[in-house]
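> fold the following and give me the result.
(chains A and B)
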Amino acid sequence: DTEVTQTPKHLVMGMTNKKSLKCEQHMGHRAMYWYKQKAKKPPELMFVYSYEKLSINESVPSRFSPECPNSSLLNLHLHALQPEDSALYLCASSQGEKLFFGSGTQLSVL
Amino acid sequence: EDQVTQSPEALRLQEGESSSLNCSYTVSGLRGLFWYRQDPGKGPEFLFTLYSAGEEKEKERLKATLTKKESFLHITAPKPEDSATYLCAVHSNTGNQFYFGTGTSLTVIP
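Take a look at the predicted model:
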């Protein structure tokens, strides 16, 4: 099983809403990632969790708040987003040198 | 500074017309070079990992090769269903980061 599952697949939210993106993997991977991808651009790293601890935060605004409740789950809490935050949000996991992506959450902020 | 550059940005091929995509990289220490295929609105799909210069891997109409400075993704007799964006990424020795190129958008015309 090489699957990373993300929910929801699509999300529309207003600038005052609070929502969460969820990611799950059962491959035993100990590193999990959040990436943001705009149309026709490569994925941009946001956060890395290694052994359930935040190891990299790429200067992401505080309106994005990651959480890793256990080794299989990764959440991204969203609050007071801006329209320019509309993008495809990708979760990934890795063990060693292989990085596997979920299918993403397409987020629109109105 | 670790860097990944892909060329061309976009490529249009006739069905059956073979070609190659390029990925040039500069990293402090290469742990692995990856090729992904991405369809619009979807997460990147893992294709290959290459670890050392001279290594080659094949999958159907795709063949990936690696030198000390670049990697090529050769597409032999492409079909319309090969149309997608192809992303290259490197995993370096500095931390648990994967650096992505900007991708090549491939269109195969019937």
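> just the strands in the chain please.
Picking chain A for this. Taking DSSP state E as the test, the strands found in chain A are A:4-7, A:10-13, A:18-25, A:31-37, A:44-50, A:53-57, A:64-70, A:73-79, A:87-95, A:98-101, A:105-109.
> oops, I was thinking of chain B
B:3-7, B:10-14, B:19-26, B:30-38, B:45-50, B:56-59, B:62-66, B:70-75, B:84-92, B:98-100, B:104-109.
> quickly compare these and say which is most buried.
Among the strands of chain B, strand B:84-92 has the highest mean neighbour count (mean count of other Cβ atoms under 10 Å in any protein chain shown), at a mean of 23. (Glycine included, C-beta is placed from N, CA and C.)
> picking up where we left off before, got the strands of chain A as a markdown table, with distance to residue B:87 columns?
As requested, the strands of chain A are exported to a markdown table (distance: least, Cβ to Cβ, whole Å):
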| stretch | distance to residue B:87 |
| --- | --- |
| strand A:4-7 | 16 |
| strand A:10-13 | 22 |
| strand A:18-25 | 19 |
| strand A:31-37 | 10 |
| strand A:44-50 | 12 |
| strand A:53-57 | 20 |
| strand A:64-70 | 23 |
| strand A:73-79 | 21 |
| strand A:87-95 | 11 |
| strand A:98-101 | 10 |
| strand A:105-109 | 18 |
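> so does the least confident helix or strand in chain B by mean pLDDT get close to chain A?
Every helix and strand in chain B was compared by mean pLDDT, DSSP states H and E; the lowest is strand B:98-100, with a mean of 87. Yes. Strand B:98-100 comes into contact with chain A (Cβ under 8 Å from any Cβ of the partner chain), by way of B:98, B:100.
> just checking, what packs against that strand?
Counting contacts by 3 or more Cβ pairs under 8 Å, 6 or more residues apart in numbering or on different chains; DSSP states H and E, strand B:98-100 is packed against strand B:3-7, strand B:84-92.
> can you list those strands in CSV and add mean pLDDT?
CSV is the format used below for these (pLDDT from 0 to 100):
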stretch, mean pLDDT
strand B:3-7, 93
strand B:84-92, 93
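> now for residue 41: which residues touch it?
Reading this off chain A. For residue A:41, the contacting residues are residue B:102, by Cβ atoms under 8 Å, 6 or more residues apart in numbering or on different chains.
> you looked at the wrong chain, it should be chain B
A:88, A:104, A:106.
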